[in-house]
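Novice: Make a model of this:
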Amino acid sequence: MRKLLLTSLLAIALPLSAVADNDDDDGRFGLAGVLSGKNKEDLEPIQLSAGMPLTSAPWVLKSGTYYEFEIQGDGSQELALVGPEFFRAIWIDEIVVEGLEIRPLGLDSVEFDEAGEMEIGFLAIKPGAYYLKIPGSTGETQRLEITIK
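Specialist: The predicted structure is shown next:
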């Protein structure tokens, strides 16, 4: 019985030790999936300026892809961007303002009281049609249409 038990333990231990010896430090493996540099795209910046279009074209995003974009406010007016449905359809990795990194659990809107810039990194998750817009505005140039496929 002992011999059978010892043989069984060796049969299990040998493959496990072979796996343990397979070290990933040799550079053959890189970051996978969401963390891969191949999975990241930069989007056109959003321009917050009184009476100017937010962007030149709508955004078409792919679920599962990591995106980064900048919001640039010129200080011509106190302006905000709202888009709660969009912010709930993505996972926000970080918001960077003047070198300070913020990692929020969620977001409803952002506001610029003066000139400045922020960068937002996020993962598109839930497919659908969304928007970001300047609150209280009715012009179509003050609204960014976003589609997540």
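Novice: Quick check: which ranges of this structure have low pLDDT?
Specialist: 1-37 (pLDDT under 70).
Novice: residue ranges of the strands in it, please?
Specialist: Along the chain, counting by DSSP state E, strands occupy 40-42, 46-48, 59-61, 66-73, 79-82, 90-97, 100-102, 109-112, 116-124, 128-133, 143-148.
Novice: Now the spatially most central residue of the chain. Nearest residue, chain neighbours left out?
Specialist: Centroid-nearest residue in the chain, with C-alpha atoms, centre = their mean: Phe122, separated by 1.3 Å. Among residues not flanking Phe122 along the chain, Ile90 sits closest, at 4.4 Å (C-beta to C-beta, 6 or more residues apart in numbering). Glycine gets a C-beta too; all of them are placed from N, C-alpha and C.
Novice: can you pull the contacts of the one you found?
Specialist: Phe122, Leu123, Ala124, Ile125, Lys126, Ile148 (C-beta atoms under 8 Å, 6 or more residues apart in numbering).
Novice: any idea how far Glu111 is from it?
Specialist: Look at Ile90 and Glu111: by C-beta to C-beta, to the nearest Å, they are 19 Å apart.
Novice: Please dump the contacts of Ile90 into JSON lines; it should also carry distance to Phe69 for every row.
Specialist: Formatted as JSON lines, the contacts of Ile90 follow (distance: C-beta to C-beta, whole Å):
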{"residue": "Phe122", "distance to Phe69": "9"}
{"residue": "Leu123", "distance to Phe69": "13"}
{"residue": "Ala124", "distance to Phe69": "12"}
{"residue": "Ile125", "distance to Phe69": "16"}
{"residue": "Lys126", "distance to Phe69": "18"}
{"residue": "Ile148", "distance to Phe69": "14"}
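Novice: From those, pick the one nearest Tyr66.
Specialist: Leu123 (5.2 Å; C-beta to C-beta).
Novice: Please give me every residue in contact with the residue nearest to the centre of the chain.
Specialist: Contacts of Phe122 by C-beta under 8 Å, 6+ apart are Tyr66, Tyr67, Glu68, Ile90, Trp91, Ile92, Asp93.
Novice: And those residues, which two are furthest apart?
Specialist: Glu68 and Trp91 (13.3 Å).
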